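Asks: Return a 3D structure for these sequence lines:
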Amino acid sequence: MATLGDIGVSAFINIVGAITFLLAFAFLRIQPVNDRVYFPKWYLSGQRTSPSRGSGNVVGKFVNLNCWTYFTFLNWMPQALRMTEAEIINHAGLDSAAFLRIYILGLKIFVPMTVLALLILIPVNVSSGTLFFLKKELVLSDIDRLSISNVRPKSIRFFYHIGLEYLFTFWTCYILYKEYNYVASMRLKFLASQRRRAEQFTVVVRNIPHVSGRSISDTVDQYFKRNHPNEYLCHQAVYNANKFARLVRQRDRVQNWLDYYQLKYERHPNKKPTTKTGCLGLCGKRVDAIEYYKQQIMAFDKRMALEQEKILKDSKSLLPVAFVSFRSRWGAAVCAQTTQSKNPTLWLTNWAPEPRDIYWRNLAIPFVSLSIRKLVISLSVFALVFFYMIPIAFVQSLANLEGLERVAPFLRPVIELKFIKSFLQGFLPGLALKIFLYILPAVLMIMSKIEGHIALSTLERRTAAKYYYFMLVNVFLGSIVTGTAFQQLHAFLHQSPTQIPRNIGETIPSKATFFITYIMVDGWAAVAGEILRLKPLVIFHLKNMFLVKTERDREKATNPGSVDFPETLPSLQLYFLLGIVYAVVTPILLPFILVFFAFAYLVYRHQIINVYDQQYESAAAFWPHVHSRIIASLLISQLLLMGLLSTKKAANSTPFLVALPILTLSFHKYCKYRFEPAFRKYPLEEAMEKDELDKTTEPDINLKSYLADAYLHPIFRSFEEQHESVKVRVDKQQTHIAAPITSELSSPSPPHHVSAPSPPQSVHHIPSQYAYYQSSPPQYSYTSNSPPNYVYHSTSPPHYSYHNEELQSHYTYHNEDRPPHYGSHYGYHNEEL
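Replies: Numbering: from 1, shown residues only. Prediction:
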């Protein structure tokens, strides 16, 4: 069992590691050669250019020669705190702002709890001293003497713990209510401030029934003309083009090789590059590499044109899915939020995700298989959780080296070394657990994709839910149960059955030592490693060294990344769980939680402002999950305290806790009824108001041409824009596909139609280089203290601005080639908490 000295060694190691990471970051970020790694968001927005320090000095292009900046290298901390919340929303989107509010929520909850717990419960626990009278076989630590385990059975002091449990619960519920109300208001204001977006008028329809003698497109057209005669505008069918998607990816790989050899030839013009035509370039005939890959690209272009023509003519390629657009937001809201058919399994409607948020591959999944898929994945997640119990159990056994010495006595001389022993007990368990958890999010994301969700934002929320359940069972419950069994098995076997419940109640709080080390490894050192961005730094310089030849190539080499919601949200919820559970059990854990929330808030604020470029915008659709899991943490804390008090023979005081779970569930039910509709539905009243405003400000807008190619699949847009072998053009008066320049093939299939066929819509997920970008997306501006302003510019590029009065500066985002990174995504998916 780790002692206070072991905890001190772990704290020293993690603090030194965190300071080292921060100093390395502070030094690397001011070097001109690293500017694109630590400020990529400003480069993407056009607000930052390559540093010109030392332009007349070769060394100055790579190293900062201004000595004064080395004395102010920590100024990134106050700079990260200057931007207001409204400015962050305009700069990075509501998802990013709501994510930061989770850390603020943690500080609001735990600062008062920490002060009260340390001032009241620590003296109450220490002055009891019951652990000094327990049997010596029981493994104890110095931390146990600061916990509830040290209070004597039947003691009246338990009323202090019960009273503070009530106080902490009421305080947590009060803060949760205030934050839920605030975030819901932010979401509604954010949606009201948005200008015209394609997804505001579009509904995705799934499980369209097959009608004999009619195509899917004709069926959709006639159905919505009949049932939504005044609001239906047009629709876009979806094609299964998996083979076409594979050709796109293969061509892209060939293009990368061509770029590589062309760059190599430009750097060494006296030596023409060659390659072998066999497997992986290791065998076969040696040929001119540039000519060889040019011929490969031409061959792929021809195959892609033929494949597209084949898809357009094959009626079997049509999927029972369509994107249906309406003349108004009100009409789309009515369709998306009502049942369309007497058979509830047909004509399933929901809000269409924004185009860049769609996971195209899952559109092809039949409705009948969705339930089966979810059942299989649920069983798989259950098996995965308990499969991971084996390595978790081994990691927890390291917390008690006495057991390890009995299993491997030859290691005793090494283990008994003071530093080695402190390292194994205070640092290694948390580090090993973190490594086990590293690969888990990728596995859970694959499982979520198999379930059939069609939006990337939904996929990430479902992955986060699975990861949370895993951490709840394995990291929290598994650590407690496994640790108790390993530590107490010998003592339990030699005691009477009446002693076992008492020892369980006294030894579970002792696992706080493990969680303290885990918080320091994961919450201190790992967060400091996040701001260092070591992996992106190395990758950028490798690309810059071997692949970059122009400024555009350098922009492509910059990978800003985004907030990793599937991993960070469950980790945050675990810290809430640990803090709430141990607040009255082992209060000494709370300061470590506070350090994590404060430090992580500062780091992620800096990353969101300067680094992260969000892939989609869900308008804080994840907040109901955050709220419900903190409520679950309260319930777990209350039930755990009831179990502990029952083992302490506190029969007179334990019944006072029975009301707490009932009150907590009632509060959760009220919040679910009061606030959750703002995250699941779109109010018809607001939709009508925005429609009326549009009619007043833009009575002549051609909505059909605006929506015409909004949901054109990215691989066809990429094929059109990058290769110019197939051109898909939407005209305001007529829609058609122009004949390819290098081919005689032609296909009169418009991408958006009322009763005509549509262009193919592949259902294979495409990498980010094929992401969909609207040519002229709408604009919006979020202002926290001003009424919403609805403006739509049909031909202008996206424009986002925020003002910082303290800095007396004005930042403006202009980017004609990139989409808005925080556009509307309603997140109205009927997804259970």
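Asks: Would you mind confirming that Gln262 makes contact with Ile290?
Replies: Yes: with contacts counted by Cβ atoms under 8 Å, Gln262 reaches Ile290, the gap being 6.0 Å. In this view, the C-beta of every residue, glycine as well, is placed from N, C-alpha and C.
Asks: what comes up buried for stretch 341-348?
Replies: Within stretch 341-348, the residues scored as buried using 16 or more other Cβ atoms under 10 Å are Leu346, Trp347, Leu348.
Asks: Adding secondary structure and distance to Ile13, write those out as TSV.
Replies: Listed next are the buried residues of stretch 341-348 as TSV, based on DSSP: H, G, I helix; E, B strand; the rest coil; distance: Cβ to Cβ, whole Å:
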residue	secondary structure	distance to Ile13
Leu346	coil	60
Trp347	coil	60
Leu348	strand	54
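Asks: Looking at these, spot the one nearest Phe25.
Replies: Nearest to Phe25, judged by Cβ to Cβ, of the buried residues of stretch 341-348 is Leu348 at 48.3 Å.
Asks: Tell me the confidence at that closest one?
Replies: pLDDT recorded at Leu348 is 90.
Asks: what's the longest helix in this structure?
Replies: With residue count as the measure and DSSP state H as the assignment, the chain has helix 158-193 as its longest helix.
Asks: what is the rounded mean pLDDT of that one?
Replies: 92.
Asks: what packs against that helix?
Replies: Packing contacts for helix 158-193, counted by 3 or more Cβ pairs under 8 Å, 6 or more residues apart in numbering; DSSP states H and E, involve helix 94-116, helix 623-647, helix 659-675, helix 677-680, helix 684-697.
Asks: Following element in sequence after it, please.
Replies: On the C-terminal side of helix 158-193, the closest following helix or strand by DSSP states H and E is strand 202-206.
Asks: could I have the following helix or strand past that next one exported to PDB, CA atoms only?
Replies: Downstream of strand 202-206, the first helix or strand assigned by DSSP H and E is helix 216-227. Output in PDB follows, covering the C-alpha atoms of helix 216-227 (Å, rounded to 0.1, in the frame of the first residue of the first chain):
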ATOM      1  CA  ILE A 216     -36.500   5.500 -55.400                       C
ATOM      2  CA  SER A 217     -36.300   9.000 -56.600                       C
ATOM      3  CA  ASP A 218     -39.900   9.000 -58.100                       C
ATOM      4  CA  THR A 219     -41.200   7.400 -54.900                       C
ATOM      5  CA  VAL A 220     -39.700  10.100 -52.700                       C
ATOM      6  CA  ASP A 221     -40.900  12.900 -55.000                       C
ATOM      7  CA  GLN A 222     -44.500  11.700 -55.200                       C
ATOM      8  CA  TYR A 223     -44.700  10.900 -51.500                       C
ATOM      9  CA  PHE A 224     -43.600  14.300 -50.300                       C
ATOM     10  CA  LYS A 225     -45.600  16.200 -53.000                       C
ATOM     11  CA  ARG A 226     -48.700  14.400 -51.600                       C
ATOM     12  CA  ASN A 227     -47.900  14.700 -47.800                       C
END
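Asks: where does helix 216-227 sit relative to the chain's centre, distance-wise?
Replies: The chain centroid and the centroid of helix 216-227 are separated by 37 Å, computed with Cα atoms, centre = their mean, to the nearest Å.
Asks: Could you pull up the mean pLDDT of it?
Replies: pLDDT averaged over helix 216-227 gives 91.
Asks: got it, and stretch 259-269?
Replies: 82.
Asks: what number of residues lie near the residue nearest to Ser653 when sequence neighbours are not counted?
Replies: Spatial nearest neighbour of Ser653, excluding adjacent residues (Cβ to Cβ, 6 or more residues apart in numbering): Phe158 at 4.7 Å. By the criterion of other Cβ atoms under 10 Å, Phe158 has 25 neighbours.
Asks: Going by secondary structure, Val321 is in what exactly?
Replies: According to DSSP H and E, Val321 maps onto strand 318-326.
Asks: Which elements pack onto the next helix or strand after that strand?
Replies: Going down the chain from strand 318-326, the next helix or strand is helix 329-336, by DSSP H and E. Applying 3+ Cβ pairs under 8 Å, 6+ apart, one finds that helix 329-336 contacts strand 202-206, strand 318-326, strand 348-351, helix 684-697.
Asks: which is the next helix or strand following the shortest one?
Replies: Proceeding N to C from strand 348-351, the next assigned helix or strand is helix 367-387, under DSSP H and E.
Asks: List the contacts of that next one.
Replies: The contact list for helix 367-387, computed with Cβ atoms under 8 Å, 6 or more residues apart in numbering, reads 206-207, 345, 348, 365, 443-444, 447-448, 450-452, 466, 469-470, 473-474.
Asks: Please report how far Gln296 lies from Lys264.
Replies: The gap separating Gln296 from Lys264 is 17 Å, by Cβ to Cβ, to the nearest Å.
Asks: re earlier: got TSV for the helices and strands packed on helix 158-193, with distance to Arg187 too?
Replies: Shown next, in TSV, are these (distance: least, Cβ to Cβ, whole Å):
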stretch	distance to Arg187
helix 94-116	7
helix 623-647	8
helix 659-675	10
helix 677-680	6
helix 684-697	12
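Asks: Out of the ones you listed, which is closest to Val538?
Replies: It's helix 94-116; of the helices and strands packed on helix 158-193, that one is closest to Val538 (Cβ to Cβ) at 25.6 Å.
Asks: right, and Phe596 touches Ile519 too?
Replies: Yes: applying Cβ under 8 Å as the test, Phe596 and Ile519 come out as touching, 5.9 Å apart.
Asks: list the contacts for the residue most central in space within the chain?
Replies: Centroid check for the chain by Cα atoms, centre = their mean gives Phe565 as the closest residue, at 1.7 Å. By Cβ under 8 Å, 6+ apart, the contact list for Phe565 reads Phe99, Glu460, Arg461, Ala464, Phe622.
Asks: same deal with Asp613?
Replies: By Cβ under 8 Å, 6+ apart, Asp613 lies in contact with Pro40, Lys41, Leu44, Pro560, Gly561, Ser562, His821.
Asks: If you rank the residues you listed by neighbours, which is first?
Replies: Neighbour counts for those, by other Cβ under 10 Å, peak at His821, which reaches 26 neighbours.
Asks: per-residue confidence at that one?
Replies: Listed pLDDT for His821 reads 37.
Asks: go on, Gln615?
Replies: At Gln615, the model reports a pLDDT of 86.
Asks: For it, which three-state class applies?
Replies: Secondary structure for Gln615, judged by DSSP: H, G, I helix; E, B strand; the rest coil, is coil.
Asks: Is there a neighbour count for it? I'd like the number.
Replies: The tally of other residues near Gln615 (other Cβ under 10 Å) stands at 18.
Asks: So it sits against Ser562, correct?
Replies: Yes: under the contact definition of Cβ under 8 Å, Gln615 touches Ser562, with a separation of 5.4 Å.
Asks: residue contacts, the residue nearest to Ser653?
Replies: Val151, Leu645, Lys648, Ala650, Ser653.
Asks: now do Phe622
Replies: Phe622 sits in contact with Asp95, Ala98, Arg461, Ala464, Phe565, Leu569, where contact means Cβ under 8 Å, 6+ apart.
Asks: What is the neighbour count of the first one?
Replies: For Asp95, the count of nearby residues is 29 (other Cβ under 10 Å).
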